[in-house]
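Q: Using only what follows, build the 3D model:
(chains A and B)
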Amino acid sequence: MEISNINIIDVLPGMFLVSASLIAMISISIRRNHKLIFGVTSISLLGVFVYLIIYASNHKFNVEPLFVIDGFGTFITGLIVMSALAVSLLSYAYFEQREERKEEYYILLLLATLGSAMLVISKHFVSLFLGLEILSISLYSMVAYLRKRPRSDEAGLKYLIMAAFSSAFLLFGMALVYDVTGTMDFNGLSQYMVSIDQLPVVMLTGLGLMIVGVGFKLGVVPFHMWTPDVYEGAPAPVTAFIATISKGGMIVLLVRFFTAVNGFHYPVLVLSFTVIAMASMLIGNLLAIRQDNVKRILAYSSIAHMGYILVAFLAGGELGKEAVSFYMVAYFLTNIGAFGVIAILSDQDRDAERIEDYQGLFWKHPKIATVFTAMLLSLAGIPLTAGFVGKFYLIASGAKSQLWWLIIVLAASSVIGLYYYIKIIAVMFDKAKGSEALSLRPRLYLINLITLVVLSVLMVFYGVYPQGLIERIREFLQ
Amino acid sequence: MTLLLFIIVLMVGGLLAWVVSQWSNLLSRWISLVALMLDLILGIIIWMQDYSGAIDTWITKYSHAWIPSFGISFSLALDGLSLLMLLLTFFLGIFAVLISWNEIKERVGFFHFNLLWVLAGITGVFLTMDLFLFYFFWEVMLIPMYFLIGIWGHENRRYAAFKFFIFTQASGLLMLLAILGLYFIHGNQTGTYTFDYFQLLGTTFTAGTGLLLMLGFLAAFVVKLPVVPFHTWLPDAHSQAPTAGSLILAGLLLKTGAYGLIRFVIPLFPGAAHEIAPWAMLLGVIGILYGASLAFGQTDLKRLVAYTSVSHMGFVILGVFAFNQLAMQGVVMQMITHGISTGALFILAGVLYERIHTRDITAMGGFWNKAPFMGTVALVFVLASLGLPGLGNFVAEFLTLIGTWQSSPVLTIFATIGIVFATAYSLRIMQKVFLGKPTSDKAVSDLSLREKIILIPLVVSIIWLGLFPQPIFNTVKQIIANQFTTEQITPISTSENGDK
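A: Prediction:
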């Protein structure tokens, strides 16, 4: 494995992100300028996306031994990069209103994106762990970025401890697996696993510990405890980032790993993921009902949504992969949109997270309320939205693999989920009567509004005419 | 193409009504009215055409690929049954706009947007021949209805809207699972994965799967219809909705459940449907009696009318599962006449509410002297509701009962007792509201011109349906005849009927 074997073009997206963050860092040392940094970030993210579209589609090769670049990875990388762009567009106005130093945030954003993009294409424990740590370490500081807010600090610390803990689990699990198999490469692992009849206990323990580590990152039940607190404390755009990009990378990795080692052969693994999926769907939705903080509601909803995605993951096969991809597009669009609305409504003192902040929103800011309603309906999986087609895709993949219990739980828990989505919508449509003293006074930025409109138009478009996206996904997955 | 036009006119009209309300509320009312009239005229033109020469029962079809990778197409088709339902939709839709003319003063544009989109969803449900699209429209009618109840409803609107939404959505998801099950079973059998109704019709199942899938479909329809014990959302939703909302709920939304039974449950799962028929009929009879006795006990006028719907819809499920032509004709008639008569009763309740601001019938009484015209109109619909010969409902219930006699005399006797109950609660409305001593000295003015314009056509149509029901039967004759080619009292052996 000599470095010179690697064609530089192949790993360009990563290089691009690294150099963008370097440029950002240098420019800060020369002169602090929020606009400039923001511009550099957006342009480099856009650049990566354009590169992916033009050169990388239908490109398949391995960068031995660490990375595999295939259609699936490329597609999700593109999704991640575009989502990071949307998050940075939303962040600009959000941080512009706040007095903290804004510029370093973008470096962290770029690095976190890089980490997630690495996860998506890794096929080796080393690259997996590297990607994960780049992602996590950037996120620690992003979560705690608003130093003047105590809860932001608290959330940052909590995330740091939890994520470090889960990394330790993951690392220990990897070590055990390595001990048994003598390889860290996914393909090597699969060769080993094919060669034996029954998994040794140590290996099983290792895989179990890895599931714990991965479960923490995904925030699925029973490893979900950190999610609501971190979602609540982190600045709204960062929450959007955690909910989408950081979890998305992990999902893809999970799919890749599971497919590589053919985990469907091992009832123990399938059973544990089935239990996790069911528990996440049910508990996530049930706990969300009791919340009256919008960020916490969305946190529990994201726990449930991870459970939904696991259904398609367990369904496996081509349809399962397609369903995961489609659902991730829908989920990313919707969640970034929803947190975008929270970000846009937040003012200097606090984020718009209390449910009272939304009282009568439809009559005060009809456009924002319409966007939020659309996003919530998409999360609930109501027709005309991408969320509906996504959920349909998930159920279809589950039905094809005859996972009837899982999809029945999915359907039942979506009904529970309806309750709290509708609750927020009902509040928005209620007549305004919140006290003026408490109400937020956000400054609305055009750039935010445009981002939100674009997100919702895309969301509705994919809901009404999903064919284009489906074809695209199939093209990439071939 | 005309079929697509039906939906597009409503959707575009709704958007337009919303947009123009910034400048003029009146304009958005007129736009809604014109959109519905256009559709009604279009529907009547199709009705007037002579299509008896057509080879099959489908008057016209429209199909366009939508999501081909899943075998989903935007496929619409119109037969006599859908046509009648569409005419009812637009007919009642016009009155829904007219009755809201003075009642709705806030957010008029958004109101009409929701109104027209509910109607568009209903239109879609009655037209679509693709199961995925069916589920899509089934859901599309929910959200606007939720807003209609939740924003413009009465005091307890949020609770009612929630309950309505969650009941219908939960049952709808079961239907989605069943649709997907059907999709994959058909796909595995034939190799073509499609949601197309016509292709799915011939699917065969093992008894167990067929029953499970049918129960999935049934879940959605019996909640919507509603069949006791799945009816608890209905009294809340009906009594809390604004008048136009109640009109649409009672007149149209319930009919989508009945339509679903006739269009999907029976043809797709003939075997399983025969299997559960006795139970379904039993539930129907329970609904008739239970709804009627609860209606008698209500003091809230709208709630009372809502429970009469539960009772009347019992006849629908009773008739559908009797499996013969007469009963089916009765069911179709019941769907139309119940829509008109119950809709009119809700309109009257709304008219009264506008005048005295209460729905409590103990606070009413002696209105006949003050508002004789209103009293007369109410009398017509109350008599229709109790099944007086000469009015449409009589024809419907009579046919249903004759039909069910052939398959279950015992249940028919009990159902007939329900009509006696109906007499009791119907006359009680008259007694409490219009006759008796005046309990309040509030001024109750008689119907205004606008209200007359709404109610007189309804009176005319209910009498017309009672005296000359033949045009209705002619329109659906072929469809019903196709479903029941032989005398169908023996179950299971007739399962090949689904092929047609």
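Q: The helix or strand of chain A with the lowest mean pLDDT: how far from the chain's middle?
A: Lowest by mean pLDDT, DSSP states H and E among the helices and strands of chain A is strand A:61-63, with a mean of 77. How far strand A:61-63 lies from its chain's middle: 25 Å, per Cα atoms, centre = their mean, to the nearest Å.
Q: for stretch A:326-344, same thing?
A: Stretch A:326-344 has its average C-alpha position 10 Å from the chain's average C-alpha position, going by Cα atoms, centre = their mean.
Q: show me where the chain has strands.
A: This is for chain A. A:61-63, A:67-69 (DSSP state E).
Q: The chain in question should be chain B.
A: B:60-67, B:72-78.
Q: Using TSV, lay out those together with mean neighbour count and mean pLDDT.
A: For every residue, glycine as well, the C-beta is placed using N, CA and C. Below are those laid out as TSV (neighbours: other Cβ atoms under 10 Å in any protein chain shown; pLDDT from 0 to 100):
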stretch	mean neighbour count	mean pLDDT
strand B:60-67	15	88
strand B:72-78	22	91
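Q: Of those strands, which is nearest chain A?
A: Proximity to chain A (Cβ to the nearest Cβ) singles out strand B:60-67 among those, at 4.9 Å.
Q: List the pairing partners of the closest one within its sheet, with orientation.
A: According to DSSP bridges, strand B:60-67 forms sheet pairs with strand B:72-78 (antiparallel).
Q: ok, back up a step: using CSV, please lay out the strands of chain B together with distance to residue B:244.
A: Shown next, in CSV, are the strands of chain B (distance: least, Cβ to Cβ, whole Å):
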stretch, distance to residue B:244
strand B:60-67, 29
strand B:72-78, 26
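Q: what does the stretch 251-400 of chain A have sitting close to chain B?
A: Residues of the stretch 251-400 of chain A lying near chain B by Cβ under 8 Å from any Cβ of the partner chain: A:363, A:377, A:382, A:383, A:384, A:388, A:392, A:395, A:396, A:399, A:400.
Q: Produce a ChimeraX select command limited to the buried residues of those.
A: Those of those that count as buried under 16 or more other Cβ atoms under 10 Å in any protein chain shown are selected in ChimeraX with:
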select /A:377,382,383,384,388,392,395,396,399,400
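Q: Return the subset of the residues of the stretch 251-400 of chain A next to chain B lying in helices.
A: Within those, residues falling in helices by DSSP state H are A:363, A:377, A:388, A:392, A:395, A:396, A:399, A:400.
Q: re the thing from before, columns distance to residue A:209 and mean neighbour count on top of the strands of chain A, output as JSON lines?
A: As requested, the strands of chain A are exported to JSON lines (distance: least, Cβ to Cβ, whole Å; neighbours: other Cβ atoms under 10 Å in any protein chain shown):
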{"stretch": "strand A:61-63", "distance to residue A:209": "27", "mean neighbour count": "15"}
{"stretch": "strand A:67-69", "distance to residue A:209": "24", "mean neighbour count": "21"}
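Q: Can you add distance to residue A:245 and give these back as JSON lines?
A: As requested, the strands of chain A are exported to JSON lines (distance: least, Cβ to Cβ, whole Å):
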{"stretch": "strand A:61-63", "distance to residue A:245": "22"}
{"stretch": "strand A:67-69", "distance to residue A:245": "18"}
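Q: Go through those and name the closest to chain B.
A: Evaluated over the strands of chain A, closeness to chain B peaks at strand A:67-69, with 25.3 Å, by Cβ to the nearest Cβ.
Q: Show me what the mean pLDDT comes to for the closest one.
A: Averaged over strand A:67-69, pLDDT sits at 85.
Q: Which strands and helices lie in contact with it?
A: Contact here means 3 or more Cβ pairs under 8 Å, 6 or more residues apart in numbering or on different chains; DSSP states H and E; on that basis strand A:67-69 packs against strand A:61-63, helix A:103-121.
Q: what is the rounded mean pLDDT of the longest one?
A: Helix A:103-121 shows a mean pLDDT of 92 in the predicted model.
Q: just checking, what packs against that helix?
A: helix A:12-30, helix A:34-51, strand A:67-69, helix A:71-96, helix A:125-143, helix A:247-261.
Q: now it, how far from the centre of its chain.
A: Centroid displacement of helix A:103-121 relative to its chain, using Cα atoms, centre = their mean, is 13 Å.
Q: Can you give me every residue that contacts the residue in the stretch 151-300 of chain A positioned nearest to chain B?
A: Nearest residue of the stretch 151-300 of chain A to chain B: residue A:289, at 11.7 Å (Cβ to the nearest Cβ). By Cβ atoms under 8 Å, 6 or more residues apart in numbering or on different chains, the contact set of residue A:289 is A:416, A:419, A:420.
Q: Out of those residues, the closest to residue B:344 would be?
A: Lowest distance from residue B:344 to the contacts of residue A:289 (Cβ to Cβ) belongs to residue A:419, with 34.7 Å.
Q: Nearest spatial neighbour of the closest one, chain-adjacent residues omitted?
A: Once flanking residues are discounted, residue A:419 sits nearest to residue A:289: 5.7 Å by Cβ to Cβ, 6 or more residues apart in numbering or on different chains.
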